[in-house]
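In: Predicted coordinates and the sequence they were generated for:
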Amino acid sequence: MSIRHGLLALLEHGPRYGSQLRTEFESRTGATWPLNVGQVYTTLNRLERDGMVAQGGEDDAGHALYVITDAGRTELKSWFATPVDRSSPPRDELAIKLAMAVGAPGVDIRAVIQSQRHHTVKAMQDYTRLKAQALATIENEGSQERDDVAWLLVLEQLIFQTEAEARWLDHCEVRLIRLSAAAGRGAGREAEQTTAASLLGTPASSASSRGPAGPASGEARSGSARARPAPPT
């Protein structure tokens with residue numbers, strides 16, 4: 001999250017003081033990424049050091065105001081014109097967790113996937129309800145406020161993101177089951193169970209008690225068939 005560019009974008013609309021910037025930032029994004037006042041003033045100090053903002057006196061209440069400079073406008077224009085870099089993705093805790101769970105002793109990776117999928121689908125449903133409320137506000141009240149429209153865009157990004165994550169989790173479960181079945185094909189039953197355990201991360205004895213891992217178990221299908229809200233339109 002680029003706090004500095006977000007603050008520059010808000011200052012482009014006129015002089016602001018620190019807590020005002022915080023309030024407007026959270027209003028624009030629905031407080032999805034909350035800021036504290038300390039973060040705001042630390043960022044403003046750095047922007048001032050870099051010549052992108054300057055102090056602009058005080059308002060009637062004595063708040064110290066900040067204004068954007070020409071250098072700040074140039075930086076902001078460049079930010080809007082430059083695509084977000086996806087070649088060096090940030091660390092994703094879920095991807096790392098699943099990567100570490102593959103073959104981990106005593107860890108059933110399918111249980112990890114199913115637990116996460118339940119959480120992700122619930123989050124997606126919550127975001128979908130919030131989207132419906134936001135749309136109702138815009139349509140019923142005829143609101144075209146910047147903050148309302150901005151919040152709607154953020155919500156839709158969160159919906160698409162959680163929907164994609166749920167689909168990926170379904171894919172991971174099916175992939176692991178198929179790979180474990182393929183690796184054990186042609187081997188004896190005991191070897192097949194050991195191979196399944198090496199991928200799914202469960203002890204061979206646990207795999208035996210559940211039966212051989214494979215598409216016939218229905219676990220992947222049951223996960224994929226769970227009701228999810230329709231993609232936003």
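Out: Structure received.

In: What strand or helix carries A95?
Out: Taking DSSP states H and E as the definition, one finds A95 inside helix 93-101.

In: swap in K122?
Out: Judged by DSSP H and E, K122 forms part of helix 109-141.

In: rewinding a little: and the helix holding A95, how far out from the chain's middle?
Out: Centroid separation for helix 93-101 versus its chain: 15 Å, with C-alpha atoms, centre = their mean, to the nearest Å.

In: which regions of this structure lie under the pLDDT threshold?
Out: For the chain, the stretches flagged by pLDDT under 70 are 1, 142-144, 184-233.

In: quick one, domains of it?
Out: What automatic domain parsing lists as the domains of the chain is 3-81, 93-224.

In: between the ones you listed, which one is nearest to S87?
Out: domain 93-224 (16.1 Å; C-beta to C-beta). In this view, the C-beta of every residue, glycine as well, is placed from N, C-alpha and C.

In: what angle do the longest helix along the chain and helix 109-141 make?
Out: Longest helix in the chain by number of residues (criterion: DSSP state H): helix 146-184. Orientation check (axes from the mean of the first three to the mean of the last three C-alpha atoms, to 10 degrees): helix 146-184 against helix 109-141 gives 160 degrees.

In: hang on, the earlier thing: let me have the domains of the chain in a markdown table, adding mean neighbour count and distance to S87 as columns.
Out: As requested, the domains of the chain are exported to a markdown table (neighbours: other C-beta atoms under 10 Å; distance: least, C-beta to C-beta, whole Å):
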| stretch | mean neighbour count | distance to S87 |
| --- | --- | --- |
| domain 3-81 | 16 | 17 |
| domain 93-224 | 16 | 16 |
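
In: Now T69: phi and psi?
Out: The phi/psi pair for T69 (degrees, to the nearest 10) reads phi -100, psi 180.

In: May I ask you to confirm that it is in contact with E48?
Out: No - taking C-beta atoms under 8 Å as the definition, T69 is not a contact partner of E48, at 9.1 Å.

In: Need the overlap of contacts for those two.
Out: A54 (C-beta atoms under 8 Å, 6 or more residues apart in numbering).

In: what's the first-to-last distance across stretch 45-63?
Out: 15 Å (C-alpha to C-alpha, to the nearest Å).

In: how far is it from where the chain is centred?
Out: With C-alpha atoms, centre = their mean, you get 32 Å for stretch 45-63.

In: now do stretch 161-173
Out: The answer for stretch 161-173 is 12 Å, by C-alpha atoms, centre = their mean.

In: ditto for stretch 97-107
Out: On C-alpha atoms, centre = their mean, the centre of stretch 97-107 falls 22 Å from that of its chain.

In: And it, end to end?
Out: Using C-alpha to C-alpha, one end of stretch 97-107 lies 11 Å from the other.
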